[in-house]
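Student: Below: sequence and its predicted model.
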Amino acid sequence: MTATTSAPSYVPTPRATTIGFSNLLRSEWTKLRSVRSTYWTAAVAVLASLVIGLLVTAQDEHNLIHHRDSLDGFDPVMSALTGFFLAQVAVGALGVLTISSEYGTGMIRATLGAVPQRRTLLAAKGLVFLVSVFVVAEVLSFSAFWIGQSILHPSGAGVSLGDPGIARAVFGGGLYLTAVGMLGFGLGALIRHTAGALSAFFGIMFASTALVDLLPTTWRNHVINYMPINAGSQILSTQPDHGALSPWHGFVVLCCYGVVAVVGATFLITRRDA
Amino acid sequence: MIEIRDLTKVYGSQKAVNGLSFDIAPGRVTGFLGPNGAGKSTTMRMIVGLDRPTGGTIRINGRRYGEIMRPLHEVGAVLETGSVHSGRSAFNHLLCLAQSNGIPRRRVDEVLGTVGLETAAKRRAGKFSLGMGQRLGLAAALLGDPPVLLCDEPVNGLDPEGILWIRTLLRSLAAEGRTVFVSSHLMSEMALTADHLIVVGKGRLIADASTAEVIAGSSLNSVLVRSPQVTHLAGLLTAQGASVTEEADGALRVTGAEPAEIGDIAASAAIALHELSPQQASLEEAFMELTHDSVDYRPEQVA
């Protein structure tokens, strides 16, 4: 059997000399916007932030007017952003799924076949996810803030962005969700299995606090400030807890959790078989 | 051109691939055969950089896979089916892969047309049949119009029309001067598709030869002889060193002698011949003979 009698007619495309990082960004953006889990988790985050913010500020407003609760210690930003503590679960889950679903479905074989430069790929994927989360989270944070302050207006508890520390706290709400998303993404890339990575995410975010409660009180009161939610939420607080980390210090601590996971995943991604 | 040298992959204590060396030349279809567990898929995965070799090297047109920028232009691979996110449409699956290598969007429509999935482009890949999944995998491999194409079991799940279609496609791609490397369990299909064969067993190279040579090498190539004087003829043939077995219907199956020799022997003894027909072993028989000692799991012989 001879292959052919005619002359070979195939002319190859000239060799590319660069990966083209913008190509990877476009590709990852297509991936993010073309699966339903993105829209489901985004819908949960939006609904949780806005609806819970509305309900909690309405309740607070009711108490402030009718029960003459003191305005001392009342945090109008935290009240409006209460929904973020549920939204963060959706954001973390999306971070996990962004990468674990590629391993779960086998898509990763096609992805790495097209882009063998694995660390560059991870960077593009992480960047597209985090920028998307950041934009949505900031819109959510400012929206929830304005809804909340208009509800709190009659009692005089409402604040405006120009008041001291308020702009930082509202902007910080978006940063907080982004940092939580980074933790989810890093764990997804590190663990590669959706269920395992989600468990790790819940463990680090929520169960760790319960474990710290088992420590002797003097230790506990110190260590608890470094737990991800306790540390990170300082950036959206305008009434700091006694002994808590400062807003930016706390935010950096929260980011460290995500950075450790991402760095670990970056280290391992070229060493493991896909 | 793919050059594989001393390729080894160890999982724990298991050597899945053990010192493989061979070349895959352009301009022809090279078949990759071996029993289950012979290391075929592992080798394919190492070629496209999914698994790291424990030892040895793989060069694709002179370079390691990891050094290739935008490899869809250089190597198209159809590995296991289901290398696709089940929730994403066929079009978006191909689009995100195309974008990652700077391939324009219109090329996605082109390859969907090539594999006959235009009408299914908006459907989620998770809803595809096995055959449609194979077509989608092939579409992804063709995106960059690559000079090298790798297919792991491409006809799995295809209907006869699909099998014919993929055979014609692979042969025409090879005829254009591309390197085409295909693994399959279907020997009859490989006999029709492949010009050259790489046979592996237990991670080692067993044969690297043209399909015709592999078949010609089988000891099962024989000559079927019918004659009114079989007993006499059998005695003469055995005396000449041929091996003779009598079939149930009275015919003789002769190995170790060419038809011309048998005819001459019969003529010199004035024995009439009613049939003298060479019987070529099938690729399947030749393959079974080659890999007999390297099958991991074999059912007990049924008496």
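Tutor: Good, I have the coordinates.
Student: For the most centrally placed residue in chain A, which three-state class applies?
Tutor: Residue closest to the average C-alpha location in chain A (C-alpha atoms, centre = their mean): A:Gly181, at 2.0 Å. Of the three states, A:Gly181 takes helix under DSSP: H, G, I helix; E, B strand; the rest coil.
Student: and it, how far is that from chain B?
Tutor: A:Gly181 sits 20 Å away from chain B, going by C-beta to the nearest C-beta, to the nearest Å. (C-beta placed from N, C-alpha, C; glycine too.)
Student: A:Val262 now?
Tutor: Going from A:Val262 to chain B by C-beta to the nearest C-beta gives 20 Å.
Student: And for A:His242?
Tutor: According to C-beta to the nearest C-beta, A:His242 and chain B sit 47 Å apart.
Student: what's the distance between A:Met78 and chain B?
Tutor: The gap separating A:Met78 from chain B is 36 Å, by C-beta to the nearest C-beta.
Student: er, A:Thr41 actually
Tutor: A:Thr41 is 13 Å from chain B, by C-beta to the nearest C-beta.
Student: circling back to that earlier point, which pLDDT value belongs to the residue nearest to the centre of chain A?
Tutor: pLDDT for A:Gly181: 98.
Student: pretty sure A:Met78 is touching A:Gln234, no?
Tutor: No - in this structure, A:Met78 is not within contact of A:Gln234 by C-beta atoms under 8 Å, at 10.4 Å.
Student: Could you check which of those two is surrounded by more residues?
Tutor: A:Gln234 (23 against 20; other C-beta atoms under 10 Å in any protein chain shown).
Student: Just read off the phi/psi values of B:Ser183.
Tutor: Per-residue torsions, B:Ser183: phi -100, psi 150 (degrees, to the nearest 10).
Student: Just give the closest residue to it, not the sequence neighbours.
Tutor: Leaving out its chain neighbours, the residue that sits closest to B:Ser183 by C-beta to C-beta, 6 or more residues apart in numbering or on different chains is B:Phe32, at 3.9 Å.
Student: ok, the one you found - how many residues close by?
Tutor: 26.
Student: and the helix or strand containing it, what other elements does it pack with?
Tutor: In this assignment (DSSP states H and E), B:Phe32 forms part of strand B:29-33. In terms of contacts (3 or more C-beta pairs under 8 Å, 6 or more residues apart in numbering or on different chains; DSSP states H and E), strand B:29-33 is packed against helix B:40-47, helix B:160-175, strand B:179-183, helix B:187-193, strand B:196-201.
Student: Which parts of the stretch 101-250 of chain B are helices?
Tutor: Using DSSP state H, counting those that start in this stretch, the helices assigned to the stretch 101-250 of chain B run over residues B:105-114, B:130-142, B:160-175, B:187-193, B:211-216, B:230-239.
Student: next one: the stretch 151-274 of chain A
Tutor: Assigned by DSSP H, counting those that start in this stretch, the helices in the stretch 151-274 of chain A fall at A:166-191, A:194-202, A:208-212, A:217-223, A:228-232, A:247-269.
Student: Return the most buried member of these.
Tutor: helix A:166-191 (a mean of 25; mean count of other C-beta atoms under 10 Å in any protein chain shown).
Student: That helix - contacts with which helices or strands?
Tutor: Contacts defined by 3+ C-beta pairs under 8 Å, 6+ apart place helix A:166-191 against helix A:76-80, helix A:84-105, helix A:118-152, helix A:194-202, helix A:228-232, helix A:247-269.
Student: What are the contacting residues of the last one?
Tutor: The reference is to helix A:247-269. A:118-119, A:122, A:126, A:168-169, A:172, A:175-176, A:179-183, A:185-187, A:189-190, A:204, A:225-226, A:228, A:230-235, A:237, A:240, A:244-245 (C-beta atoms under 8 Å, 6 or more residues apart in numbering or on different chains).
Student: Try it again at 7 Å.
Tutor: Outside of helix A:247-269, the residues within contact range by C-beta atoms under 7 Å, 6 or more residues apart in numbering or on different chains are A:118-119, A:122, A:126, A:168, A:172, A:175, A:179, A:182-183, A:185-187, A:189-190, A:204, A:226, A:228, A:231-232, A:234-235, A:237, A:244-245.
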